[in-house]
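Asker: Take a look and give me a structure for this.
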Amino acid sequence: MLKDRGRPLLLSFTASFTGLIAIGSWISVPFVPVPLTLQTLFVVLAGAVMGRYAVYPTGLYILMGALNIPVFHSGTAGLAVLLGPTGGYILGFLPGALATGIAYEQHHAVFRIAGIFLGLAIIFLFGMTWLSLSAGISLSMAFLIGVLPFVPGDVVKGYAVFLIAGRLEAFTIRSGNP
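Answerer: Numbering: from 1, shown residues only. Okay, the predicted model is just below:
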C-alpha cells in the first residue's frame, strides 16, 4: 500500500504548485516591460519540493495560460502573452524548475543552493533572450531592464525557497523514491 503513495502525492503536488504559480502571478508589481511577481518563487519551490517532477506543474501552468485560462501575470492569458515581452520568462519556468529539481535530488546544501540560483538564472536567461528578440533591443539592454532590477528580489526568493523546502523535506517526491 505504501508504494502506491507516489502517484496521489505527485498529483497533489502538481495541482498545488500549479495553483500556487497561478496565485503568484496575481501578486504583481507593475514594472516595464516585465512585472514583478511571485511566480518564480513557486516555480523554484516546486523544483525544490518535487525534484525533476516539477516540470508537471510548470508545464500545466504554461498550457493553461496558452489555452486562454487567465493564469499569467495580472490575469492575462493566451499565446499573445507567450509571444510578448514576458513570454521567455514563462517558457523558462520549465527548464528552471527542472534544473532546480535535479539539483535538489542531491542531499548536499551547496548543490541545492546552487540549483535554486541556477533555476532562477535559467528563467532570467530565457526571459532576457526573448525580451531582446520580441522588443528589438540589444541583449545588454534586455539585461538592464529585464534582469538587473529583479536580482535583489530573487536573491530573497531563493533564500525563502531554501528555508521553506527544508521545512517540507519530509513530503518531497524524488526520482526513484516517490
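Asker: Please count neighbours and contacts with C-alpha atoms only from this point.
Answerer: Noted.
Asker: Could you list the low-pLDDT ranges of this protein?
Answerer: 1-5, 32, 170-178 (pLDDT under 70).
Asker: how about the strands in the protein?
Answerer: Counting by DSSP state E, the chain has strands at residues 28-29, 36-37.
Asker: and among the ones you listed, the most buried is which?
Answerer: strand 36-37 (a mean of 20; mean count of other C-alpha atoms under 10 Å).
Asker: May I have the strands that pair with that one, each with its orientation?
Answerer: According to DSSP bridges, strand 36-37 forms sheet pairs with strand 28-29 (antiparallel).
Asker: Run the chain-centre distance for the partner strand.
Answerer: 16 Å (C-alpha atoms, centre = their mean, to the nearest Å).
Asker: start at 23 instead
Answerer: With the count now opening at 23, the last piece we talked about shows up as strand 50-51.
Asker: sorry, back to before: what about the strands of the chain, which gets the closest to Arg189?
Answerer: strand 58-59 (23.1 Å; C-alpha to C-alpha).
Asker: Next, name the residue at the spatial heart of the chain.
Answerer: Nearest to the geometric centre of the chain sits Val65, at 2.6 Å (C-alpha atoms, centre = their mean).
Asker: quick one: contacts for that residue?
Answerer: Phe39, Ile43, Ala76, Thr80, Phe115, Gly118, Ala119 (C-alpha atoms under 8 Å, 6 or more residues apart in numbering).
Asker: Tell me which residues touch the second one, please.
Answerer: The neighbourhood of Ile43, defined by C-alpha under 8 Å, 6+ apart, consists of Leu60, Gln61, Thr62, Phe64, Val65, Thr80, Tyr83.
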